[in-house]
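Chemist: My questions are about this predicted structure, shown below with the sequence.
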Amino acid sequence: MKQENYISVKTFCERHGVGESFVYAMYEYEILQVEYQEEKGRLHVEDLPLLEKMVRLHNELDINPEGIQAIHHLLTQVENLQQEVASLKKKLDALE
Amino acid sequence: MDFIDYYSVLGVDKKASTDQIKKAYRKLARKYHPDLNPNDQEAEKNFKRVNEANEVLSDPEKRKKYDEYGKDWQHAEEFEKAKRSRAQQGHARDYSGYTYSRSGGSAQDFSDFFESMFGGGGSGFGASGQRVRFRGQDYNAQLQLSLMDVYTTQKQTLTVNGKNIRLTIPAGIEDGQTIKIKGHGGAGIEGGPAGDLYITFSIVNNTAFKRDGANLYKTVEIPLVKAVLGGEIQVDTLTGKVKLKVAPGTDNGTKVKLKGKGFPKYKKEGQFGDLYLTYTVKIPKKLTPEQQSLFESLEKTNLL
């Protein structure tokens, strides 16, 4: 199945009811990449789950872009730690 | 089916104003939101309860009905009438289901209590319901296999939402490992891309070996005499028996590595981890009179 790999920032924002400034703020805070084609911003579909999560945090919990950047940073740490704990548990289990 | 006290779920008084309910809900939603609690099923459960309580208490109609029938909802004749009347309205109120779309999000998860009182579904994420409406939903599935199943590369056909998906499971996949199958999640909305399917493998180890990545571990008992004098023993590996030489004077707890006798390395065809054996010297518990006498003779030599 042929699939479009990019979606324009404009289309994304229209669908999700957020301002384009929100997406560019996520880009500014290095949460995701925005590529440009003919001076129009576009997003890679691989980044959509992450961006949609950020939209949910913004819309549902009233978290501003600065807060989202902090949350993103901490969540990355939490997920890394969870992986490390799981891997250490497995090792411990193997050695017990 | 148990009655759910939505007021206590949100921690508010029965006379709480709409604003107080909204405030309490927001506070708890921030605490339990699944996006803020990755891989935390308890938080997810709490979030659903809070979401459901808000769904009822923030909607004046639902709240009125809930307050009216309260704990007697099961016996209320009026409620039964209302229920019948709602059923007669047929699909006019065909709710679109749980649209709070996120990784792992499934169908609407309201309680039986809610469903029986208000029918299926709701408006999604509370009163502020901003739905994610573009990329299709990600699906999560779990596949259980035995350790021996994943010793070799497997081809399986899974049926997910009525679609057959041919799947190649590389040998050496880990317990708890998740693989992503792109584009096999929910369909995109209004031209959006489809979501992905995530399959998490649960590998059941019913062998005598412990596994850490591609390495296997096993404890092997060796007879006392062989530990002292040395000799040959036969050991089970995952793929068959091997003969091993035990060196004279082998200590209890000695570790031996059998190179390449471990588990296949994930996505490295033809490469295997190692098998680590730990020897446990078996001390005989019952001796024949002759053996007893021989040990006593040994003792006299000051060996033991």
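Modeler: Received, thanks. Numbering: from 1, shown residues only, chains lettered A, B, ... in the order given.
Chemist: how far away is the closest residue in space to residue A:35 that isn't next to it in sequence from residue B:193?
Modeler: Of all residues not flanking residue A:35 in the chain, residue A:42 sits nearest, at 5.4 Å (Cβ to Cβ, 6 or more residues apart in numbering or on different chains). To be clear about C-beta, it is placed using only N, CA and C from the backbone, and glycine gets the same treatment. As judged by Cβ to Cβ, to the nearest Å, residue A:42 and residue B:193 stand 13 Å apart.
Chemist: Check residue B:201 too.
Modeler: 25 Å.
Chemist: for residue B:239, same thing?
Modeler: 43 Å.
Chemist: If you count surrounding residues, which of these two has more?
Modeler: residue B:193 (22 against 10; other Cβ atoms under 10 Å in any protein chain shown).
Chemist: Tell me the pLDDT of the more buried one.
Modeler: We have a pLDDT of 85 for residue B:193.
Chemist: quick one: secondary structure of it?
Modeler: Look at residue B:193: counting by DSSP: H, G, I helix; E, B strand; the rest coil, its state is coil.
Chemist: and the residue lying closest to residue B:155 once chain neighbours are set aside, what helix or strand is that in?
Modeler: With sequence-adjacent residues excluded and distances taken as Cβ to Cβ, 6+ apart, residue B:155 is closest to residue B:168, at 5.5 Å. Taking DSSP states H and E as the criterion, residue B:168 maps to strand B:163-169.
Chemist: Quick one: list the elements packing against the helix or strand just after that strand.
Modeler: Past strand B:163-169, further along toward the C-terminus, the next helix or strand under DSSP H and E is strand B:178-181. With contacts defined as 3 or more Cβ pairs under 8 Å, 6 or more residues apart in numbering or on different chains; DSSP states H and E, strand B:178-181 has these neighbours: strand B:163-169, strand B:197-204.
Chemist: Now with 6 Å, please.
Modeler: strand B:197-204 (3 or more Cβ pairs under 6 Å, 6 or more residues apart in numbering or on different chains; DSSP states H and E).
Chemist: got the CA positions of the strand it packs on in PDB?
Modeler: Extracted as PDB, the C-alpha positions of strand B:197-204 are listed here (Å, rounded to 0.1, in the frame of the first residue of the first chain):
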ATOM      1  CA  LEU B 197       0.000  -2.400  15.000                       C
ATOM      2  CA  TYR B 198       2.200  -3.200  18.000                       C
ATOM      3  CA  ILE B 199       2.700  -6.800  18.900                       C
ATOM      4  CA  THR B 200       4.300  -7.600  22.300                       C
ATOM      5  CA  PHE B 201       5.700 -11.000  22.700                       C
ATOM      6  CA  SER B 202       5.200 -13.000  25.800                       C
ATOM      7  CA  ILE B 203       7.700 -15.800  25.800                       C
ATOM      8  CA  VAL B 204       6.900 -18.600  28.200                       C
END
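Chemist: quick one: average pLDDT of it?
Modeler: 92.
Chemist: Correct me if wrong: residue B:193 contacts residue A:45.
Modeler: Yes - with contact defined as Cβ atoms under 6 Å, residue B:193 counts as touching residue A:45 (4.7 Å).
Chemist: What residues does chain A have near chain B?
Modeler: A:15, A:45, A:48, A:52-53, A:56-57, A:59-61, A:79, A:82, A:91, A:94 (Cβ under 6 Å from any Cβ of the partner chain).
Chemist: Which of the residues you listed scores worst on pLDDT?
Modeler: Lowest pLDDT among these: residue A:94, 68.
Chemist: In stretch B:135-151, which residues are buried?
Modeler: Across stretch B:135-151, burial judged by 16 or more other Cβ atoms under 10 Å in any protein chain shown covers B:135-140, B:143, B:145, B:147, B:149-151.
Chemist: Give me the below-cutoff pLDDT ranges for chain B.
Modeler: Within chain B, the ranges that satisfy pLDDT under 70 run B:1, B:71-109, B:120-133, B:304.
Chemist: give me that answer again for 90
Modeler: B:1-4, B:38-41, B:65-142, B:156-166, B:175-176, B:182-196, B:212-213, B:239, B:302-304 (pLDDT under 90).
Chemist: And the strands in it?
Modeler: B:139-146, B:154-160, B:163-169, B:178-181, B:197-204, B:210-212, B:215-223, B:231-237, B:240-246, B:255-258, B:275-282 (DSSP state E).
Chemist: who wins for proximity to residue B:53 among those strands?
Modeler: strand B:139-146 (25.4 Å; Cβ to Cβ).
Chemist: just how off-centre is the longest helix along chain A within its chain?
Modeler: Using DSSP state H to define each element, chain A has its longest helix at helix A:65-95. In terms of Cα atoms, centre = their mean, to the nearest Å, the centre of helix A:65-95 is found 16 Å from the chain centre.
Chemist: buried residues in it?
Modeler: Neighbour-count burial for helix A:65-95 [16+ other Cβ under 10 Å]: A:65, A:68-69, A:71-72, A:75, A:78, A:90, A:94.
Chemist: Quick one: list the elements packing against that helix.
Modeler: Helix A:65-95 packs on strand B:210-212, going by 3+ Cβ pairs under 6 Å, 6+ apart.
Chemist: Quickly check: the strand it packs on near chain A or not.
Modeler: Yes - contact of strand B:210-212 with chain A (Cβ under 6 Å from any Cβ) involves B:210, B:212.
Chemist: Give the pairing partners of that strand; include direction for each.
Modeler: strand B:215-223 (antiparallel) (DSSP bridges).
Chemist: count of residues packed around residue 10?
Modeler: Using chain A. Residue A:10: 13 neighbours (other Cβ under 10 Å).
Chemist: actually it's chain B I care about, not the one you picked
Modeler: Other residues close to residue B:10 by other Cβ under 10 Å number 24.
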